[in-house]
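Asks: Got a predicted model here, sequence first, then my questions.
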2 protein chains.
Amino acid sequence: MTRPEPTPDARTGPSTRGPADLVITGCTALVHDEREEVGFVENATIVVRGGRIETVTAGPVIGGTVDLTATGLAAAEHIDARGQVALPGLVNCHTHSPMVTLRGIAEDLPIEEWFNEFVWPIESNLQERDIELGARLACAEMIRGGVTCFADHYFSMDTVAAVTTESGLRANLGQAFFSSQGAEGRERSLDFALRHRDTADGRITTSLAPHAPYTVDVADLAATARLAREHGLLVHIHAAENRDQTEASLARHGRTPIEILAGAGLLDTDLLIAHGTGIVERDLPVLARASGRVGVASAPRGYLKFAWPTTTPVRALRELGIPVGLATDGAASNNSLDVWESMALTALAQKFTEADPRRLTSRQALHHATLQSARAVGLGERIGSLAPGRRADIILVDLTGPHTQPVHDLAATLVHSARAGDVRTTIVDGRILMRDRELLTLDVPAVVREMNARMPALIDRSHGKRIQDYDT
Amino acid sequence: MTRPEPTPDARTGPSTRGPADLVITGCTALVHDEREEVGFVENATIVVRGGRIETVTAGPVIGGTVDLTATGLAAAEHIDARGQVALPGLVNCHTHSPMVTLRGIAEDLPIEEWFNEFVWPIESNLQERDIELGARLACAEMIRGGVTCFADHYFSMDTVAAVTTESGLRANLGQAFFSSQGAEGRERSLDFALRHRDTADGRITTSLAPHAPYTVDVADLAATARLAREHGLLVHIHAAENRDQTEASLARHGRTPIEILAGAGLLDTDLLIAHGTGIVERDLPVLARASGRVGVASAPRGYLKFAWPTTTPVRALRELGIPVGLATDGAASNNSLDVWESMALTALAQKFTEADPRRLTSRQALHHATLQSARAVGLGERIGSLAPGRRADIILVDLTGPHTQPVHDLAATLVHSARAGDVRTTIVDGRILMRDRELLTLDVPAVVREMNARMPALIDRSHGKRIQDYDT
């Protein structure tokens, strides 16, 4: 994750040679200024070559016309995006994509019952084919919702990597492990990370994925930190998911989950912490001392649904300079992989939690959705901004619907009025994965048919097994 | 609002005469059992005649075929709704529809600044044409989001009534007034209510609409209660919107806003209270003694956005038997008229507020969205359920998208995975207002063009006027 991108010339040849691969005209483009403030370029033209953004220029490059030949621009592919807004693709910073298969299986329950009575017993039935179908459905849902990159933390990740490749999405993938698996779990996680890093034309990056401080012991966490530093890998872990976990950790070990991560050396690696709603005051100086690039993924819908008393402490983390990316968690708890909703709910939950209607502003929410999310998953140099040299992960959002008109404040329209379903076109590395709502790389009806046929065997809990026990 | 519906025969002639007006086949239909529990009928056939639901029957009435003639059913209009769920149309129990014009005009502010610096100054510029265009855009948004009925509380309601008629929607409309307008405000509200009640083929009902206890004095509230009883009208009012209002009322009058309503006799009329997040413990016995049919409209998104410390106390109100309907408030605060989102947020906010993940369940949320919402707006006998004799206000929701598959728990899929944009078809009184996402009664581009042309004059605040001061 830490290696610099090859320069455009090294990877794609001279950018001025021949026609562009893709030109998008007539859109309003979300950009960041030198202070990273979110702004908008009207009547923008975006030129893509070799999978990267070559230029984002303000109109009237081509005036009112959509005839590229009249403008001196030539492109293999042209999208006339008038009435649409171009944004960096959304990043789902923490999910378990194959869990879409269990969407709605365990509803309106506390997390203990959700894990122990439903999710972990059912997961003991999972076959590779279930993972494959689930990942495919998840990728379809994410592409339809404007997600161009996801950080996945699950089992059978070879299969998820294959589906990611096929889908055209970008992902950071980690093979989850528990200490209950012995050393083998950690070794498999490393083996996966090394085999798959920078595959799929560079779209797949990888991480080491210990499950959580309450399921992975300190020795394994410390070994993970050493491996991460040795191999330059991100570590992706659940930690301080909720206040109960923090209190249980203090009662059992005298240390918070964040202090345990610090003690294991994980804050001196590049680290993606999922949730962190149990991060408490005493954790802040610990996080401030981190020498690694630490990010947090926030999935606020699930915190409300589980009735947790707190949400991710975004303000405190931002004051430490820690990026907070947007996430959905798995669909078995969140009911969707709708990062757009996570963006709106993050803004709303932060206002409510901090008792301050002035923040997050919509522009702050869009900063979380773009650069902070990219940084949280270790891709801060490659994606997260519509800027020359970045990978061409772009979504086009239609604002002509009655629910997004009129537009007095485009940032507010995007965050609070637009919905995932307003994304019309999703592009990754310059390749169009959805055009005008039509998925081009995945066949949803075929996936759903086979998934439903396999469902009775998958959801059978009569065996009484579970892959793990939830006991903070 | 309290008069019984004419029987089908009196209104539409014998139901067995001639072909049906509309038959919907192959859907899954949301129904209520005798205990009002939400359930689903698979492969349902819904027959509509004379604007009413005549029958809802389980398949296989027509088996796999969609050839109505082969089944003995004949209809002027047939919708093959396989893969879709039929629900009672959503009810927006409290909105200010023309305020869509101001969507996004005043963002990330406390309510005082929102009112005093933006909304009330700009509203002093409103012309009839602005109201008309706003109402038209609002109706378009609501039809697209599966709303078939709305309770509107605003100014220039003659214009809103005309647009409602044209749109095909159902509505309860009230002309808002303040005591600062003198007796004339109240008289105009009554005049409006009497002229428009039961117009638009019965789709328009009306209410008296005093603004709030902090802008309408006790004498006017008491006069309103007398008029409501005399004319059999609903009263629609903002009250106990937030805790600050309740505390200010106690400090100023020694009584809560709910106690003021009670003292004015408004709890002995049919009453729709908007918001009620400032309803406190001592209000509960007062509400319990109400002899009128009292309902509350909850619009949870705005409470989070304004960073209010509480949401509508749904559990306490339900224990008193008070229906809590779903609402969006105006789009200037809520950013949308998306009642589907209000349904999901009500479920989530209640779990969080009560620190109990077990409620609201999705079925409870659907009960709020259907029968409770119908009752809150005084239409509990006419709409809110897909049952024989009810008006045919029906929406068809497409669940074939990747974000709504697979379906383990249909209620959860509807509440937590589906979105307003999944509504494909919206029907009011048996008339199709949107078919396959296409609006049939309103021209959105024309509305938006004219609205944008008028915008500079509308949003000018240089005059320094405002229609009212916000000071709880």
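Replies: Cool, got the structure. Every value quoted in this text rests on a predicted model; they were computed, and no experiment measured them.
Asks: confidence score at A:Ala183?
Replies: With respect to pLDDT, A:Ala183 scores 94.
Asks: That one - how many residues pack around it?
Replies: As a burial measure, A:Ala183 scores 12 neighbours (other CB atoms under 10 Å in any protein chain shown). Just so you know, the C-beta spots here come from the backbone N, C-alpha and C atoms, and that holds for glycine as well.
Asks: Could you check how far it is from B:Thr310?
Replies: 51 Å (CB to CB, to the nearest Å).
Asks: pLDDT weak spots in the stretch 51-200 of chain A?
Replies: The stretch 51-200 of chain A contains residues with pLDDT under 70 at A:60-72.
Asks: What segments of it are strands?
Replies: A:52-57, A:75-80, A:84-88, A:90-95, A:147-154, A:170-177 (DSSP state E, counting those that start in this stretch).
Asks: Deepest-packed of these, please.
Replies: Comparing the strands of the stretch 51-200 of chain A by mean neighbour count (mean count of other CB atoms under 10 Å in any protein chain shown), strand A:90-95 ranks first with a mean of 30.
Asks: what packs against that strand?
Replies: Secondary-structure packing of strand A:90-95 (3 or more CB pairs under 8 Å, 6 or more residues apart in numbering or on different chains; DSSP states H and E): strand A:147-154, strand A:271-275, strand A:294-298, strand A:324-326, helix A:339-354, helix A:373-376.
Asks: check contacts around the closest residue to A:Leu190 other than its chain neighbours.
Replies: Of all residues not flanking A:Leu190 in the chain, A:Leu227 sits nearest, at 5.5 Å (CB to CB, 6 or more residues apart in numbering or on different chains). Residues in contact with A:Leu227 (CB atoms under 8 Å, 6 or more residues apart in numbering or on different chains) are A:Arg186, A:Leu190, A:Leu208, A:Leu233.
Asks: Identify, from these, the entry nearest to A:Ala262.
Replies: Distances from A:Ala262 to the contacts of A:Leu227, taken as CB to CB, are shortest for A:Leu208 (16.9 Å).
Asks: The contacts of A:Leu227: which two are farthest apart?
Replies: A:Arg186 and A:Leu233 (12.2 Å).
Asks: what's the burial count for the closest residue to A:Ser298 other than its chain neighbours?
Replies: In space, and not counting its chain neighbours, A:Ser298 is closest to A:Thr312: 3.8 Å by CB to CB, 6+ apart. For A:Thr312, the tally of surrounding residues (other CB under 10 Å) stands at 27.
Asks: what about A:Thr312, distance to A:Met343?
Replies: 13 Å.
Asks: what is in contact with these two at once?
Replies: In contact with both A:Thr312 and A:Met343: no residue, using CB under 8 Å, 6+ apart.
Asks: any idea of the mean pLDDT for stretch A:426-438?
Replies: Rounded mean pLDDT across stretch A:426-438 is 98.
Asks: How far does that stretch sit from its chain's centre?
Replies: On the basis of CA atoms, centre = their mean, to the nearest Å, stretch A:426-438 sits 17 Å off its chain's mean C-alpha point.
Asks: If we go by neighbour counts, what in stretch A:208-227 is buried?
Replies: The neighbour-count check on stretch A:208-227 (16 or more other CB atoms under 10 Å in any protein chain shown) flags A:208-217, A:220-221, A:223-225, A:227 as buried.
Asks: and the end-to-end length of that stretch?
Replies: Length of stretch A:208-227, first residue to last, CA to CA, to the nearest Å: 8 Å.
Asks: Centre of the chain to that stretch, how far?
Replies: 22 Å.
Asks: Equivalent analysis for stretch A:388-400, please.
Replies: For stretch A:388-400, the distance to the chain centre is 16 Å (CA atoms, centre = their mean).
Asks: Pull out the buried positions in that stretch.
Replies: Quick answer for stretch A:388-400 (16+ other CB under 10 Å): A:Arg390, A:Arg391, A:Ala392, A:Asp393, A:Ile394, A:Ile395, A:Leu396, A:Val397, A:Asp398, A:Leu399.
Asks: go on, stretch A:354-363?
Replies: In stretch A:354-363, counting by 16+ other CB under 10 Å, buried: A:Glu354, A:Pro357, A:Arg359, A:Leu360, A:Thr361, A:Ser362, A:Arg363.
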